[in-house]
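**Q** Below: sequence and its predicted model.
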Amino acid sequence: MADPDEHPADLPECPNAQGGGLLPPELRAWMLMLAMTGAVEQRLGSAVKESLDVSHDEFLILCLLAEQPADSHSLRMTRIAELLGRPKTRLTYQIACLQHAGLVTRRSVCGDKRGVEVALTAKARQLLEEASGPLAETVTQALERFTGPAQREAVSALLPDPAAGCPAPVPPAADH
(Lines give C-alpha, C1' and ligand atoms only; values in the text may rest on other atoms or scores of the structure.)
Protein backbone atom coordinates (compact mmCIF):
# COMPACT_ATOMS: atom_id res chain seq x y z
CA MET A 1 0.00 0.00 0.00
CA ALA A 2 1.17 3.53 -0.64
CA ASP A 3 2.89 5.57 2.04
CA PRO A 4 0.26 7.96 3.45
CA ASP A 5 2.86 10.74 3.58
CA GLU A 6 3.52 10.62 -0.15
CA HIS A 7 2.14 13.40 -2.29
CA PRO A 8 -1.07 12.25 -4.07
CA ALA A 9 0.50 12.96 -7.48
CA ASP A 10 3.21 10.40 -6.66
CA LEU A 11 0.69 7.65 -6.01
CA PRO A 12 -0.36 5.13 -8.64
CA GLU A 13 -3.66 5.84 -10.32
CA CYS A 14 -6.75 4.11 -9.01
CA PRO A 15 -8.63 1.98 -11.50
CA ASN A 16 -10.34 4.17 -14.05
CA ALA A 17 -14.02 4.50 -13.25
CA GLN A 18 -14.74 5.74 -16.78
CA GLY A 19 -13.83 2.50 -18.53
CA GLY A 20 -11.87 2.01 -21.70
CA GLY A 21 -10.01 -1.05 -20.43
CA LEU A 22 -10.82 -4.74 -20.74
CA LEU A 23 -13.00 -5.01 -17.66
CA PRO A 24 -16.78 -4.65 -17.63
CA PRO A 25 -18.25 -1.85 -15.46
CA GLU A 26 -19.03 -4.19 -12.54
CA LEU A 27 -15.41 -5.32 -12.23
CA ARG A 28 -14.10 -1.76 -12.64
CA ALA A 29 -16.43 -0.66 -9.83
CA TRP A 30 -15.26 -3.56 -7.67
CA MET A 31 -11.61 -2.68 -8.26
CA LEU A 32 -12.34 0.94 -7.42
CA MET A 33 -14.09 -0.07 -4.20
CA LEU A 34 -11.10 -2.24 -3.24
CA ALA A 35 -8.67 0.63 -3.85
CA MET A 36 -10.77 3.06 -1.85
CA THR A 37 -11.37 0.58 0.95
CA GLY A 38 -7.65 -0.11 1.20
CA ALA A 39 -6.90 3.62 1.41
CA VAL A 40 -9.49 4.12 4.14
CA GLU A 41 -8.46 1.04 6.14
CA GLN A 42 -4.82 2.09 6.06
CA ARG A 43 -5.62 5.46 7.60
CA LEU A 44 -8.49 4.36 9.82
CA GLY A 45 -6.66 1.46 11.49
CA SER A 46 -4.24 3.65 13.41
CA ALA A 47 -6.88 6.28 14.18
CA VAL A 48 -9.20 3.61 15.63
CA LYS A 49 -6.41 2.12 17.72
CA GLU A 50 -5.48 5.56 19.07
CA SER A 51 -9.01 6.79 19.82
CA LEU A 52 -10.78 3.57 20.90
CA ASP A 53 -7.87 1.20 21.68
CA VAL A 54 -9.42 -1.59 19.58
CA SER A 55 -8.35 -3.34 16.38
CA HIS A 56 -9.88 -2.49 13.02
CA ASP A 57 -11.92 -5.73 13.04
CA GLU A 58 -13.17 -5.03 16.57
CA PHE A 59 -14.15 -1.53 15.42
CA LEU A 60 -16.20 -3.07 12.60
CA ILE A 61 -18.10 -5.13 15.18
CA LEU A 62 -18.77 -2.01 17.25
CA CYS A 63 -20.00 -0.20 14.14
CA LEU A 64 -22.38 -3.04 13.26
CA LEU A 65 -23.80 -2.99 16.77
CA ALA A 66 -24.06 0.80 16.79
CA GLU A 67 -26.19 0.70 13.64
CA GLN A 68 -28.79 -1.56 15.22
CA PRO A 69 -32.01 -0.12 16.68
CA ALA A 70 -31.32 2.18 19.63
CA ASP A 71 -33.35 0.07 22.07
CA SER A 72 -30.92 -2.83 21.81
CA HIS A 73 -27.74 -2.08 19.80
CA SER A 74 -27.41 -5.86 19.65
CA LEU A 75 -26.97 -8.68 17.15
CA ARG A 76 -26.59 -12.43 17.28
CA MET A 77 -23.02 -13.60 16.87
CA THR A 78 -23.96 -15.69 13.83
CA ARG A 79 -25.35 -12.57 12.13
CA ILE A 80 -22.21 -10.55 12.92
CA ALA A 81 -20.09 -13.35 11.42
CA GLU A 82 -22.28 -13.36 8.29
CA LEU A 83 -22.18 -9.58 7.86
CA LEU A 84 -18.40 -9.39 8.30
CA GLY A 85 -17.66 -12.59 6.40
CA ARG A 86 -15.62 -13.89 9.33
CA PRO A 87 -15.42 -17.38 10.83
CA LYS A 88 -17.32 -17.69 14.10
CA THR A 89 -14.20 -18.88 15.93
CA ARG A 90 -12.31 -15.70 15.05
CA LEU A 91 -15.33 -13.62 15.99
CA THR A 92 -15.55 -15.32 19.38
CA TYR A 93 -12.02 -14.15 20.19
CA GLN A 94 -12.74 -10.58 19.06
CA ILE A 95 -15.97 -10.44 21.06
CA ALA A 96 -14.08 -11.71 24.12
CA CYS A 97 -11.55 -8.87 23.70
CA LEU A 98 -14.34 -6.31 23.39
CA GLN A 99 -16.10 -7.77 26.42
CA HIS A 100 -12.89 -7.65 28.45
CA ALA A 101 -12.55 -3.95 27.50
CA GLY A 102 -16.08 -3.33 28.76
CA LEU A 103 -17.42 -2.41 25.30
CA VAL A 104 -19.88 -5.26 24.72
CA THR A 105 -21.94 -7.72 26.68
CA ARG A 106 -22.84 -11.28 25.71
CA ARG A 107 -25.94 -13.15 26.70
CA SER A 108 -27.74 -16.31 25.71
CA VAL A 109 -30.74 -15.89 23.47
CA CYS A 110 -33.96 -16.86 25.20
CA GLY A 111 -35.24 -20.15 23.85
CA ASP A 112 -32.07 -20.98 21.91
CA LYS A 113 -29.34 -22.75 23.90
CA ARG A 114 -26.71 -22.14 21.20
CA GLY A 115 -27.65 -18.55 20.36
CA VAL A 116 -25.53 -15.71 21.73
CA GLU A 117 -26.46 -12.07 21.42
CA VAL A 118 -23.87 -9.30 21.65
CA ALA A 119 -24.78 -5.74 22.68
CA LEU A 120 -22.95 -2.44 23.06
CA THR A 121 -22.38 -1.15 26.56
CA ALA A 122 -23.00 2.44 27.61
CA LYS A 123 -19.21 2.89 27.65
CA ALA A 124 -18.97 1.81 24.00
CA ARG A 125 -21.83 4.10 22.96
CA GLN A 126 -20.13 7.05 24.63
CA LEU A 127 -16.72 6.25 23.08
CA LEU A 128 -18.28 5.88 19.63
CA GLU A 129 -20.15 9.17 19.98
CA GLU A 130 -16.94 10.96 20.95
CA ALA A 131 -14.76 9.29 18.31
CA SER A 132 -17.15 9.13 15.35
CA GLY A 133 -16.61 12.73 14.16
CA PRO A 134 -12.80 12.54 14.03
CA LEU A 135 -12.95 9.02 12.55
CA ALA A 136 -15.37 10.18 9.84
CA GLU A 137 -12.93 13.00 9.03
CA THR A 138 -10.15 10.41 8.74
CA VAL A 139 -12.26 8.52 6.19
CA THR A 140 -12.94 11.71 4.24
CA GLN A 141 -9.25 12.62 4.20
CA ALA A 142 -8.25 9.14 3.05
CA LEU A 143 -10.73 9.26 0.21
CA GLU A 144 -9.65 12.74 -0.83
CA ARG A 145 -5.97 11.88 -0.68
CA PHE A 146 -6.03 8.55 -2.48
CA THR A 147 -8.75 9.07 -5.09
CA GLY A 148 -9.63 11.70 -7.57
CA PRO A 149 -12.99 13.40 -8.01
CA ALA A 150 -14.03 10.97 -10.77
CA GLN A 151 -13.38 7.93 -8.55
CA ARG A 152 -15.24 9.45 -5.58
CA GLU A 153 -18.16 10.34 -7.83
CA ALA A 154 -18.28 6.82 -9.27
CA VAL A 155 -18.34 5.22 -5.83
CA SER A 156 -20.91 7.71 -4.57
CA ALA A 157 -23.17 6.67 -7.44
CA LEU A 158 -23.00 3.06 -6.17
CA LEU A 159 -24.07 3.96 -2.64
CA PRO A 160 -27.66 4.52 -1.57
CA ASP A 161 -28.75 8.06 -0.80
CA PRO A 162 -28.97 8.23 3.03
CA ALA A 163 -31.88 10.67 2.79
CA ALA A 164 -33.85 8.17 0.72
CA GLY A 165 -33.37 5.31 3.18
CA CYS A 166 -32.12 1.85 2.32
CA PRO A 167 -33.21 0.48 -1.03
CA ALA A 168 -35.38 -2.61 -1.13
CA PRO A 169 -33.39 -5.83 -1.50
CA VAL A 170 -33.06 -7.07 -5.07
CA PRO A 171 -34.77 -10.44 -5.44
CA PRO A 172 -32.60 -13.25 -6.81
CA ALA A 173 -32.93 -13.98 -10.51
CA ALA A 174 -35.26 -16.82 -11.35
CA ASP A 175 -33.60 -19.94 -12.74
CA HIS A 176 -34.94 -20.93 -16.11
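**A** Here it is on my side, so go on.
**Q** Residue 59 is in contact with residue 103, correct?
**A** No. With contacts counted by C-beta atoms under 8 Å, residue 103 stays clear of residue 59, the gap being 10.1 Å. In short, each C-beta sits where N, CA and C put it, glycine included.
**Q** higher neighbour count, those two?
**A** When residue 103 and residue 59 are compared on other C-beta atoms under 10 Å, the one with more neighbours turns out to be residue 103, at 24 against 21.
**Q** Find the nearest non-adjacent residue to the more buried one, please.
**A** Nearest residue to residue 103, sequence neighbours excluded (C-beta to C-beta, 6 or more residues apart in numbering): residue 124, at 3.9 Å.
**Q** Next, count neighbours for the one you found.
**A** For residue 124, using other C-beta under 10 Å, the count is 23.
**Q** mind starting the numbering at 56 from now?
**A** Renumbered: residue one is now 56, and that last one reads residue 179.
**Q** show me the contacts for it.
**A** Taking C-beta atoms under 8 Å, 6 or more residues apart in numbering as the criterion, residue 179 is in contact with 117, 120, 121, 153, 157, 158, 159.
**Q** Of those, grab the buried ones for ChimeraX.
**A** Per 16 or more other C-beta atoms under 10 Å, the buried members of the contacts of residue 179 correspond to this ChimeraX selection:
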select :117,120,153,158,159
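**Q** so where do the strands sit in this structure?
**A** Assigned by DSSP state E, the strands in the chain fall at 129-131, 159-164, 167-175.
**Q** just the ones you listed: most buried one?
**A** strand 129-131 (a mean of 18; mean count of other C-beta atoms under 10 Å).
**Q** what does that strand contact?
**A** 119, 120, 123, 138, 164, 170, 171, 172, 173, 174, 175.
**Q** Give me the helices and strands touching the lengthiest helix in the chain, please.
**A** In terms of residue count, the longest helix belonging to the chain (DSSP state H) is helix 80-107. Packing partners of helix 80-107 (3 or more C-beta pairs under 8 Å, 6 or more residues apart in numbering; DSSP states H and E): helix 111-121, helix 177-201, helix 204-213.
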